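Turn this into a model:
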Amino acid sequence: MLLDTPATERALAAESPAPLNLPAHLTQSANVIYTSGSTGRPKGVALTHGGVLNMAEAARPVLGMAAGVTALQFVSFSFDAAVLDVAVTLAGGGTLAIASSEERTDPVALAEMIRRSGVRVANGVPSMLRLLDGQAVPDVANWLVGGERLTSGLA
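Numbering: from 1, shown residues only. Okay, the predicted model is just below:
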């Protein structure tokens, strides 16, 4: 898939660009994430379209993601976990409720955004859950929690 062709450049530069119909193959890179993994040295890791699709298809039924379901996009798009939120939600026909930087740092504002947006699925870290009043977000049916130790009391 070539994005630097004259036709693609003209389409992207247009004031109201037409949708691009670019073929994507399962083995082609969909995005690159940067990780230090176990080495402690940052490195780029290319995720293929097939890998992202497999992840989305496996996670969709577990999280209950389907058309009409709203998921919280909490982490920054620069963080690798955002790929999970975006892929699972959009592949399932759902809607992303994207938290602003203020909402990511203010538990009261985040709870209000979750309620207002009708979020039913959320992905976050335990430290976020510790600050968020569970009674304030009763409609979230499925939480995906990781990245930090989850205590039994918080679970």
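
Tell me where this protein has helices.
Along the chain, counting by DSSP state H, helices occupy 6-13, 49-63, 81-91, 101-105, 107-117, 126-131.

Just say which of the ones you listed is most tucked in.
Of those, the one with the most neighbours on average (mean count of other Cβ atoms under 10 Å) is helix 81-91, at a mean of 20. Yep, even glycine has a C-beta here, placed from its N, CA and C like the rest.

And that helix, what does it pack against?
On a contact count with 3 or more Cβ pairs under 8 Å, 6 or more residues apart in numbering; DSSP states H and E, helix 81-91 meets helix 49-63, strand 70-73, strand 95-98, strand 119-124.

do that again at 10 Å, thanks
Applying 3 or more Cβ pairs under 10 Å, 6 or more residues apart in numbering; DSSP states H and E, one finds that helix 81-91 contacts strand 29-35, helix 49-63, strand 70-73, strand 95-98, strand 119-124, strand 142-145.

about what we covered before: now tell me which of the helices of the chain the model trusts least on average.
Among those, helix 6-13 carries the lowest mean pLDDT, a mean of 73.

Quick check: Ala99 touching Ala109?
Yes: contact criterion Cβ atoms under 10 Å: Ala99 and Ala109 qualify, at 8.7 Å.

which residues touch Ile114?
Contacts of Ile114 were listed using Cβ atoms under 10 Å, 6 or more residues apart in numbering, and they are 70, 72, 74, 97, 99, 103, 120, 122, 132, 136-140.
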